[in-house]
Structures are given as C-alpha cells and as structure tokens.
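Trainee: predicted structure and sequence below. I'll ask about it afterward.
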Amino acid sequence: MTLIELANPSRFLALASRVLPWLVAATVIVLAIGLYQSATAPDDYQQGATVKIMFIHVPNAWLSMFVWAVMSVSALGTLVWRHPLADVAQKAAAPIGAAFTFLALVTGSLWGRPMWGTYWEWDARLTSVLILFLMYLGLMALWRAVDDPSRAARAAAVLTLVGAINIPIIKFSVDWWNTLHQGESVFRMGGPTLDRAFLIPLMVMAVGFTLLFVTLHIAAMRNEILRRRIRSLQMLQAGKPRTAA
Amino acid sequence: MTALAALIRRDVRVALRVGGGALIGVLFFLTVVVLMPFAVGPDLALLKKLGPAILWLGALLASLLTLDRLFMADLEDGSLDLILMSRTPLELACVAKALAHWLVAGLPLIVATPALGLLLNLDGAATGAVALTLLAGTPALTFTGMIGAALAVTLRRGGLLLAVLVLPLSIPVLIFGVAASQAAATGPLSFGTPFSILCALSLASLVIGPFAAAASLRQGLD
C-alpha cells in the first residue's frame, strides 16, 4: 500500500474503517497499562506523588511538537506532491495538536504550583510551548477564515512550513531571553537521570499517547472527508432546478 | 534590474503621494509612545528603564499595521497580475516591494527614534543603540510580515488575522532587538552578541520571506 494508492478518498475510507477498531483497541490497552504503571510507580524522594503528573505532561509536550512535524510533512504533500489527502491530514491534525499543547500547558501549570509555588513562571520551556499554542490557534483561525478548502489548504501549508522553520529559532531565542532574565533554570528533576522505575511507565505512556494521536487523526481525517462530501452534495442539491412541488 | 528599480521607484512614489503614506506610520509610532506614560505613570526613571522596550514595541506595531496593504493595493488595481506574469522572478519582485515598503515605512521610524527617545528620558547612547538595532531589525520585521501580507491577499482577509499570524514569528527579532538596546544602555552583557544575532535574523528572513511570500502568491492567485 503506497501513499499514491491512498490518494483515492474512498480507498482511504475503506482502509480507515478496517484499521480504526484495531487502533482504538491498541490505544486503550497501552494507555491502561501505562496508567496502571504510572499509578503504581514509586513516589519521588523530593517531589512526592506530584511526580506522577510527569506521566501525562511529558507525552503531551512531546506530541505538541510531533503533530507540527506531521503537519509540515502534510504541507509538503499539499504544495509539492499535490496529494489530495495531504490537506485533509493537515487540517485534521491542527485541532488535535492544539489540544495536546493545551494539555501540556495545563498539566505543566498544575505541576508547577506545588513545585515552584506558582502556576505560571516565564520559564523558557513554558514560554515557547505557549507560543507554539498561539501558532496552532492562528493556523486554525486561518483554516476557518476561508470558505474554499483548497485555497485555505495552500495558505495554511505555507504558514505551517514557515512555522516549522521558525519554531526552532523561537525556541532558541526564548532560551536566550530566559537565561538573560533569570540566573538559573527553576526546572530541576529528581536527579540528573531518570530512574528506570519512572522511565518505563513514561515510555509506555508516550507510546500510548502517540497511538491516541494516530487514532484521533485518522478518525478526524475520515470525518473531514465525509464533511466535504456532504458539503458537495448540498451544493449539488442547491444547484438543481426546482421541480414542481 | 531596471524592472525592479522601476517597481521600487513606483512603490515609494505611490506611498509618498497617497494620503500621507510614510508619515502615518511615524504618527502611529509617536502616538503609541505617547500613550505609554499614561499607562505606566509619568515616572522618568521607570520610563528610562522601559524605554527601549516601548520603542521596539511601537516600531513592531507600526510596521505591522502598514504591511496590511503591501499587496492588497496592487491586487485591487491589477498591477499584481502584471507582476505575476512578468519575466522578472516573483521572488525578486517581492524583495523589491519589501525594500520599497521598508524605505517608506521602516526608515522614517528610525529617523524619528531620537526625538521619541527624548520623551522617554533615554540618554544619547541608549537612543543610538535603539536606532541602530531598529536599523538592523526592522528589515526582518518587513520580510516576515510580507509572508503574512501575501497570505492575507490570497485569502482576501487582513486585519487581526494577519497580526495573529505574524506576531509570533516576530518574537525572536523583538527579543534580540530589545536585548541589544538594553545591553548598550545599562546591562553588563555585551552589545555585540545579540546585535549580531539580530543581523543574522534579518539576513535569514531576507532569504525565507520572499520565497514564502512568492509561493503563497503563486499558489493562491490562480
């Protein structure tokens, strides 16, 4: 099965309906194992039970960047290869990525309250994730601002690629700005390296969240294709000359 | 080459002759700076400390607001189609348009900076540093803003959407511009490091901006 064969939306829909139940099952199982392991993981000697926020927070933060990478590949698919499903993939990924970024911010903030004594710190990582969240929202606003999906797709693709170049630059400058303003980073984990007792549940949770993203993404792509079909059917219906009632 | 020179000449002439053009940006800049003491209080020591940041924010907003019309006017009178069809590469035409825009919208801001520095109680060195960093940094604002302007014209939308899309991209320029000005005015840090990075950002946006804007125009206006 190559990418070209998937260009046919009907074939994609058929494949999606075959694959989705398995993906849902895999996601549920891996997330259940991960949550059980996270719940039974030992408390940190410094942070106590709050360290368990990490098992939710870190996978969300990792996916917030991974989703932008997926969107960038889709943007290349739109602009370079003109793959018909690339813009569907890109549009479907944006709200999911925004949700993961938002969850990363919220869990980070909840973790920061007991650890740093404040919900919000202008820490380099928090700040750059917040900017990433703003860029996701801007991209979603761009999608909604235009009626014609193919026109919106190409504009969003250009913006996604510009963002992909700019996000590392923004990250670097925010790091620089942060070290300028405060002496040392407040972000300190329990130790220099993560213990195996934490590492294994974290890895399982990361795999589980990635599966969750793939599942949601394919389902959202399917919904988007169906939504476009309904729209074109409605247009056809509206365009038909009225028959006598 | 002559085509590009003609494009720059035309854009500058249009901007200068139609409705105050260049001066409106400076007027906006002045108004933003004048508003600041009302917001933070007429405390000269505080204003001196915030001065470089206020000047940079004012310049950022002024250049953003004037960018809205960069391609829109050309689309309305049909000259954008001529530029798209001409034998000159669209990327170079974008560079020429950005350059013309910077000449009429960016350069006057830098010229006005010393006068505004006086209002904010900045001394000579600090004002000079802000003017120098604006000179190095405003091209980056124009070239990244141009991407937003190209997107706006293909979508036939502008205003707030353009600002929301472009402002996050201008964060690095703001950080290094203000850092270099603060370093020259007060800080123990050297002026050279953030200033060189600021120049690097301008050069990088000179490469990325025209290509992204041209791609957006080509894809969007067919």
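Mentor: Arrived safely. Being a predicted model, the structure only gives us computed values, none of them experimental. Numbering: from 1, shown residues only, chains lettered A, B, ... in the order given.
Trainee: and chain A, which residues reach chain B?
Mentor: Contact residues, chain A versus chain B (CB under 8 Å from any CB of the partner chain): A:79, A:131, A:134-135, A:137-138, A:141-142, A:145-146, A:151-152, A:154-155, A:157-159, A:161-163, A:165-166, A:169-170, A:172-174, A:176-177, A:180. For every residue, glycine as well, the C-beta is placed using N, CA and C.
Trainee: I'd like the next helix or strand past the longest helix belonging to chain B.
Mentor: Determined from DSSP state H, the single longest helix within chain B is helix B:124-155. Sequence order places helix B:160-166 as the next helix or strand after helix B:124-155, per DSSP states H and E.
Trainee: which residues are in contact with that next one?
Mentor: For helix B:160-166, the external contacting residues (CB atoms under 8 Å, 6 or more residues apart in numbering or on different chains) are A:134, A:137-138, A:141-142, A:145, A:159, B:64, B:67-68, B:144-145, B:147-149, B:151-152, B:155.
Trainee: 10 Å - rerun?
Mentor: A:134-135, A:137-139, A:141-142, A:144-146, A:155, A:159, A:162-163, B:60-61, B:63-65, B:67-68, B:141, B:144-149, B:151-153, B:155 (CB atoms under 10 Å, 6 or more residues apart in numbering or on different chains).
Trainee: picking that back up, do the longest helix of chain B and chain A meet?
Mentor: Yes. With CB under 10 Å from any CB of the partner chain as the criterion, chain A is reached by helix B:124-155 at B:144, B:147-148, B:150-152, B:154-155.
Trainee: got a markdown table for those, with pLDDT and distance to A:H83 too?
Mentor: Output for the residues of helix B:124-155 next to chain A, formatted as a markdown table (pLDDT from 0 to 100; distance: CB to CB, whole Å):
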| residue | pLDDT | distance to A:H83 |
| --- | --- | --- |
| B:T144 | 90 | 28 |
| B:I147 | 89 | 23 |
| B:G148 | 87 | 26 |
| B:A150 | 88 | 23 |
| B:L151 | 86 | 21 |
| B:A152 | 83 | 26 |
| B:T154 | 79 | 20 |
| B:L155 | 77 | 22 |
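Trainee: save those residues as CSV, and put in neighbour count and distance to B:I208 too.
Mentor: Listed next are the residues of helix B:124-155 next to chain A as CSV, based on neighbours: other CB atoms under 10 Å in any protein chain shown; distance: CB to CB, whole Å:
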residue, neighbour count, distance to B:I208
B:T144, 28, 8
B:I147, 29, 8
B:G148, 30, 13
B:A150, 28, 12
B:L151, 30, 14
B:A152, 28, 18
B:T154, 23, 18
B:L155, 21, 20
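Trainee: quick revisit: buried among the residues of chain A next to chain B? Need that as a selection in PyMOL.
Mentor: Here is the PyMOL selection string for the buried members of the residues of chain A next to chain B, based on 16 or more other CB atoms under 10 Å in any protein chain shown:
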select buried, chain A and resi 79+131+134+135+137+138+142+145+146+151+152+154+155+157+158+159+161+162+163+166+169+170+173+174+176+177
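Trainee: among the residues of chain A next to chain B, which lie within helices?
Mentor: Going by DSSP H, the helices hold A:131, A:134-135, A:137-138, A:141-142, A:145, A:151-152, A:154-155, A:157-159, A:161-163, A:165-166, A:169-170, A:172-174, A:176-177, A:180 from the residues of chain A next to chain B.
Trainee: can you verify my assumption that B:H101 contacts B:D11?
Mentor: Yes. Contact criterion CB atoms under 10 Å: B:H101 and B:D11 qualify, at 7.0 Å.
Trainee: who touches both of those two?
Mentor: Here B:H101 and B:D11 have B:L70 as joint contacts, going by CB under 10 Å, 6+ apart.
Trainee: can you pull the contacts of the closest residue to A:I53 other than its chain neighbours?
Mentor: Closest residue to A:I53 apart from its sequence neighbours, by CB to CB, 6 or more residues apart in numbering or on different chains: A:W111 at 4.2 Å. Applying CB under 10 Å, 6+ apart to A:W111 gives the contacts A:47, A:50-54, A:56-57, A:119.
Trainee: run the chain-centre distance for the helix or strand hosting A:W111.
Mentor: A:W111 belongs to helix A:86-116 when assigned by DSSP H and E. Here helix A:86-116 is found 7 Å from its chain centre; the criterion is CA atoms, centre = their mean, to the nearest Å.
Trainee: in it, which residues are buried?
Mentor: For helix A:86-116, burial by neighbour count (16+ other CB under 10 Å) applies to A:86-105, A:107-108, A:111-112, A:115.
Trainee: now swap in stretch A:66-76 and tell me
Mentor: Buried residues in stretch A:66-76 (16+ other CB under 10 Å): A:66-68, A:70-72, A:74-76.
Trainee: from those residues, pick the one nearest chain B.
Mentor: Each of the buried residues of stretch A:66-76 was scored against chain B by CB to the nearest CB, and A:A75 proved nearest at 10.9 Å.
Trainee: what helix or strand is the closest one located in?
Mentor: Assigned by DSSP H and E, A:A75 belongs to helix A:54-76.
Trainee: and for A:T118?
Mentor: Applying DSSP H and E, one finds A:T118 in no helix or strand.
Trainee: list the contacts of A:A153.
Mentor: By CB under 10 Å, 6+ apart, the contact set of A:A153 is A:74-75, A:78-79, A:86-88, A:90-91, A:143, A:146, B:219.
Trainee: and if you look at A:Y136?
Mentor: Contact partners of A:Y136, counting by CB under 10 Å, 6+ apart, are A:64, A:67-68, A:71, A:93-102, A:163.
Trainee: what does the model give it for pLDDT?
Mentor: Per-residue pLDDT puts A:Y136 at 92.
Trainee: where's the residue nearest to it when sequence neighbours are not counted relative to chain B, distance?
Mentor: Nearest residue to A:Y136, sequence neighbours excluded (CB to CB, 6+ apart): A:A98, at 3.8 Å. Separation of A:A98 from chain B (CB to the nearest CB, to the nearest Å): 14 Å.
Trainee: ok, A:A98 touching A:A92?
Mentor: No. In this structure, A:A98 is not within contact of A:A92 by CB under 10 Å, at 11.9 Å.
Trainee: rewinding a little: can you pull the buried residues of the longest helix of chain B?
Mentor: Quick answer for helix B:124-155 (16+ other CB under 10 Å): B:126-155.
Trainee: neighbours around the closest residue to A:W177 other than its chain neighbours, how many?
Mentor: Spatially, and ignoring its direct neighbours in sequence, A:W177 is nearest to B:I175 (4.5 Å; CB to CB, 6+ apart). The number of residues packed near B:I175 is 23, by other CB atoms under 10 Å in any protein chain shown.
Trainee: quick check, pLDDT for B:I175.
Mentor: 87.
Trainee: tell me, please, the helix or strand in chain A that averages the lowest pLDDT.
Mentor: Of the helices and strands making up chain A, the lowest-confidence element is helix A:149-181, at a mean of 82, by mean pLDDT, DSSP states H and E.
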